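**Student:** fold the stuff below for me.
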Amino acid sequence: MTQQNHFSLKEVAKIVGVKAHRIEYALRNGYLSEPAERVTNRRIFTTADLQAALMYFAKPTTVGRPVRTEGDR
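**Tutor:** Next up, the predicted model:
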């Protein structure tokens, strides 16, 4: 089995576990770096881009931030 090195927005969204529009929002507002490659005007994400997205969208408990509960409102 070969390891994949390039991913589409849809594939990144599926791996990260969020909807594609959330990744687009993070890219548009500078929270994530824009992928360097484009093919037919579509973003091509590398493994490093995928890792950055995984870190950005990490669950709060995995990066040491406090978890919000329903009673915290």
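**Student:** residue closest to the middle of the protein?
**Tutor:** Of all residues in the chain, the one closest to the mean position by CA atoms, centre = their mean is residue 53, 2.8 Å from it.
**Student:** can you tell me how far that one is from residue 8?
**Tutor:** Residue 53 sits 13 Å away from residue 8, going by CB to CB, to the nearest Å. To be clear about C-beta, it is placed using only N, CA and C from the backbone, and glycine gets the same treatment.
**Student:** sheet-wise, list the partners of the lowest-mean-pLDDT helix or strand in the chain with their directions.
**Tutor:** Lowest on mean pLDDT, DSSP states H and E among the helices and strands of the chain sits strand 37-39, with a mean of 91. Strand 37-39 has the following strand partners under DSSP bridges: strand 42-46 (antiparallel).
**Student:** from residue 5, how far out is the closest residue to residue 11 other than its chain neighbours?
**Tutor:** Nearest non-adjacent residue to residue 11, counting by CB to CB, 6 or more residues apart in numbering: residue 45, 7.7 Å away. Using CB to CB, residue 45 is found at 10 Å from residue 5.
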